[in-house]
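Undergrad: Quick one: sequence plus predicted model below, questions after.
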Amino acid sequence: MKTSTIAEAKNNLSHLIRQLEVEEPVHLTRYGKAVAVMMSETQYNQLILPTKSLNSAILNWRSQLDETLDAGLREKELNTIRKESAGRDFSWDK
């Protein structure tokens, strides 16, 4: 997690914005406490745009993870989730 004081960010805003375009968000601190986060427009849009389906949300989440971490869901598990069942017989009549 990258951090910067508000004063540092104010004095180096142009440089900080250039870094945000290619790096991770920056947490701004005041008296050592995190109070805000600066991020690129691309990262912001990924947060606010609606997700089309659970599957695309999972794939988006997985693409943002560090590959060295164990995400918990393997390709085989995702394929199981993706499979659409034929459904079951249903009738309004008893």
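TA: Looks like it came in fine.
Undergrad: C-alpha only now, for contacts and for neighbours.
TA: OK.
Undergrad: What backbone torsions are found at His27?
TA: His27 adopts backbone torsions of phi -90, psi 120, taken as degrees, to the nearest 10.
Undergrad: please renumber so the chain begins at 18
TA: Yes, from this point I'll number from 18; that puts the last item at His44.
Undergrad: Model confidence for it, exactly?
TA: Looking at His44, its pLDDT is 94.
Undergrad: What of the one 10 residues further on?
TA: Listed pLDDT for Val54 reads 95.
Undergrad: Any idea how many residues pack against it?
TA: By the criterion of other Cα atoms under 10 Å, Val54 has 13 neighbours.
Undergrad: my guess is it is in a helix, correct?
TA: No - secondary structure of Val54 (DSSP: H, G, I helix; E, B strand; the rest coil): strand, not part of a helix.
Undergrad: For the helix or strand containing Gln60, give the mean pLDDT please.
TA: Secondary structure assigned from DSSP states H and E places Gln60 in helix 58-65. When pLDDT is averaged over helix 58-65, the result is 86.
Undergrad: Check stretch 76-91 too.
TA: 70.
Undergrad: measure that stretch end to end?
TA: 11 Å (Cα to Cα, to the nearest Å).
Undergrad: residues touching Val22, list them.
TA: For residue 22 the amino acid is Thr, not Val. Contacts here follow Cα atoms under 8 Å, 6 or more residues apart in numbering; on that basis Thr22 touches 45-47, 49.
Undergrad: where do the strands sit along this protein?
TA: Taking DSSP state E as the criterion, the chain carries its strands at 19-22, 43-47, 50-55.
Undergrad: Neighbouring strands - and their directions - for the first one?
TA: Looking at strand 19-22 with DSSP bridges, its paired strands and their directions are strand 43-47 (parallel).
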